[in-house]
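Chemist: quick check, what structure comes out for this input:
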Amino acid sequence: MSLQLRLFGGGQSDAGKLSASNDGNHAIDKSKVLAQTDAGAISPTNPGNFGSIRSVPVVPASRYFTKDEADAVKDLAKEKTDGARQSKRAYKALGKIEAADAVVHKEHRKYEGVVADKELKKVRSNSGLAKKLHALRPGYARLGLGIDKADSDARTRIDAIKAKLTGGNS
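Modeler: From the prediction side, this is the model:
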């Protein structure tokens, strides 16, 4: 498959074909325009999960810990501290990816807006040419009628000459 087909799509399209109605109707579906870009995307209609992370249960009351418990908690604290540091790095990177995705999304929508504006400009130009061509039709009709009349006049004169030369027998 060529690069152009991969970038811009291929196959048959309905480009250039007239729709059943070109009277200003539209196919803009508000639910599609306002649809989430992903089922998990956070929005007012999908506020997400307000839960949190809890690596260890809350200690409900004061208590003494044994040496083994304290060592285990201390080791877990080191592990979770490192995990938090790595999570912070990962979330920061994920945020940068989201920001980059948003830039690409926004720029693509701007590009699509330019395409839509220029498409209207092109179709408006086509419409202008169609109107111009329709305005020329009477002139072409006059020319055609003039040619038909000239043909008819020539045939009448030719028939008159033939009749004169052949003595009226054709």
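Chemist: C-alpha from now on. contacts and neighbour counts both.
Modeler: OK.
Chemist: low-scoring pLDDT stretches of this protein, where are they?
Modeler: Applying pLDDT under 70 to the chain picks out residues 1-22, 168-170.
Chemist: which residues of it fall in helices?
Modeler: Counting by DSSP state H, the chain has helices at residues 3-8, 30-33, 67-166.
Chemist: so which of those gets nearest residue 40?
Modeler: Across the helices of the chain, the minimum distance to residue 40, taken as CA to CA, is reached by helix 67-166, at 13.1 Å.
Chemist: now that closest one: how far from the chain's centre is it?
Modeler: Relative to the chain's own centre, helix 67-166 is displaced by 8 Å; criterion: CA atoms, centre = their mean, to the nearest Å.
Chemist: please name every helix or strand in contact with that helix.
Modeler: The helices and strands touching helix 67-166, judged by 3 or more CA pairs under 8 Å, 6 or more residues apart in numbering; DSSP states H and E, number zero.
Chemist: return the most buried member of the helices of the chain.
Modeler: Among these, judged by mean count of other CA atoms under 10 Å, the one packed with the most neighbours on average is helix 67-166 (a mean of 12).
Chemist: reformat the helices of the chain as a markdown table; add distance to residue 46.
Modeler: Below are these laid out as a markdown table (distance: least, CA to CA, whole Å):
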| stretch | distance to residue 46 |
| --- | --- |
| helix 3-8 | 33 |
| helix 30-33 | 15 |
| helix 67-166 | 17 |
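Chemist: residue 42 is nearest to which of those helices?
Modeler: For the helices of the chain, the distance to residue 42 is smallest for helix 67-166, at 12.2 Å, taking CA to CA.
Chemist: quickly note the distance from residue 42 to residue 60.
Modeler: 33 Å (CA to CA, to the nearest Å).
Chemist: the two: which has the busier surroundings?
Modeler: Neighbour comparison, residue 42 and residue 60: the larger count goes to residue 42, with 13 against 6 (by other CA atoms under 10 Å).
Chemist: touching, the more buried one and residue 35? I think so.
Modeler: No. Residue 42 is beyond contact range of residue 35, at 11.8 Å (criterion: CA atoms under 8 Å).
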